[in-house]
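In: Need coordinates for the following:
(one chain, ligands or ions: 1)
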Amino acid sequence: MNGGTMMILDGKALSAQRVAQLAAEVEDFVADGAAPPHLAAVLIGDDGASKTYVEHKVRKCAAAGFRSTLIERGADTTQEELLEIVEGLNADPMLDGFIVQLPLPAHLDAASVIEAIDPRKDVDGFHPENMGRLALGLDGFVPATPSGIVQMLAHYGIETCGKHAVVIGRSDIVGTPMALLLSRNNAMGNCTVTLCHSRTVNLADEVRRADIVVAAVGRPGTVTADMLKPGATVIDVGITPVEDATAKRGYRLKGDVDFEGAKAVAGAMTPVPGGVGPMTIIGLLENTLKAAKRRT
Ligand code: NAP
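Out: Okay, the predicted model is just below:
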């Protein structure tokens, strides 16, 4: 138990602060004669959640003084057409970075699309070159969600050095880069990291040893209060829409963690929504500004 002292890690408030700081940085950048950072997003198909995420990213670009371009194509877009769009964006001198919103429709091969992105414009940090740089501790673009999470840990003064972190989920975009970041030899790393996935034999036992838990599964109820070490920091990346007739849109977003149960045990925890999601956008904007500052 935590004695009723659980700290909420408020990603929404921190993100608003960071957007204001980024806007001030962009103002200075532009005052020095440079064009504002320019991010493009490619959205293929009509997945409602993807559309919402992309629109949100575009809105935050405007709030931070960035330029943004949204490229929308139908679900029947072919692999060749998508690769052509990527080539065009790679070659566009007016563009600092771009993302291809995932997931793509099933007939498209995301891995080869990501590999076709110029690593210097890969502000999602998903290209093998940027993932390799992360693994080697070299400068590059760090995927936005893990980057937003370590910023949140730093802001709230959560010590990572020497702590045991358990990351649940090993996706290329969240779990794997998260585990790499936390294990790195730097100020926001130096954790001893355990990376869990669907084949982990006893998840509860692994999680119970964690000072920091990062749940990135996409399955509500994956982490319950009985699995937590008292005082643990719990980062909930999961976003699952769950039907709820009392909600305005008819559904609510749920994380992977049983928030209500866990709040009596955890020392600090992110809410869903309003935790990791808003910080993810900050990671993306920071990468885009970094790309703009590298213009030759
Ligand atoms: P993903 O690619 O589907 O990966 C899910 C991971 O969870 C896989 O590694 C899988 O293991 C593991 N897993 C599944 N069932 C498990 C179980 N019972 N026990 C332990 N591990 C289990 O998902 P993702 O793209 O990383 O996203 C995860 C969640 O985060 C989703 O809800 C997504 O919407 C959300 N998300 C949120 C943000 C944000 O900004 N807040 C950003 C990205 C994603 P295997 O590898 O063995 O299959």
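In: How about the residues of the stretch 101-250 of the chain by the ligand?
Out: Counting by CB under 6 Å from any ligand atom, the positions of the stretch 101-250 of the chain adjacent to the ligand are 145, 168-171, 173-175, 196-200, 203, 216-219, 237-240. Glycine gets a C-beta too; all of them are placed from N, C-alpha and C.
In: Mind giving me the PyMOL command for buried ones among these?
Out: Selection of the buried residues among those in PyMOL, burial being defined by 16 or more other CB atoms under 10 Å:
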select buried, resi 145+168+169+170+171+173+174+175+196+200+203+216+217+218+237+238+239+240
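In: Mind checking which of the residues of the stretch 101-250 of the chain next to the ligand land in strands?
Out: Within those, residues falling in strands by DSSP state E are 168, 196, 240.
In: show me where the stretch 101-250 of the chain has helices.
Out: With helices called from DSSP state H, counting those that start in this stretch, the stretch 101-250 of the chain shows them at 110-116, 128-136, 144-155, 175-183, 203-208.
In: Adding mean pLDDT, write these out as a markdown table.
Out: Below are the helices of the stretch 101-250 of the chain laid out as a markdown table (pLDDT from 0 to 100):
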| stretch | mean pLDDT |
| --- | --- |
| helix 110-116 | 98 |
| helix 128-136 | 97 |
| helix 144-155 | 97 |
| helix 175-183 | 98 |
| helix 203-208 | 98 |
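In: Am I right that residue 90 is in contact with residue 118?
Out: Yes: using CB atoms under 8 Å, residue 90 is in contact with residue 118, at 4.2 Å.
In: And the protein, what are its domain boundaries?
Out: The record's domain parsing of the chain by automatic domain parsing lists 33-118, 143-277.
In: Just say which of those is most tucked in.
Out: The highest mean neighbour count among the domains of the chain, using mean count of other CB atoms under 10 Å, belongs to domain 143-277: a mean of 19.
In: What residues does the closest residue to residue 267 other than its chain neighbours make contact with?
Out: Closest residue to residue 267 apart from its sequence neighbours, by CB to CB, 6 or more residues apart in numbering: residue 231 at 3.8 Å. With contact taken as CB atoms under 8 Å, 6 or more residues apart in numbering, residue 231 is in contact with 2, 211, 265-267.
In: ok, whichever residue of the stretch 1-150 of the chain sits closest to the ligand - contacts?
Out: For the stretch 1-150 of the chain, the residue closest to the ligand is residue 145, as judged by CB to the nearest ligand atom, at 4.3 Å. The contact partners of residue 145, by CB under 8 Å, 6+ apart, come to 173-174, 178, 216, 237, 276, 279-280, 283.
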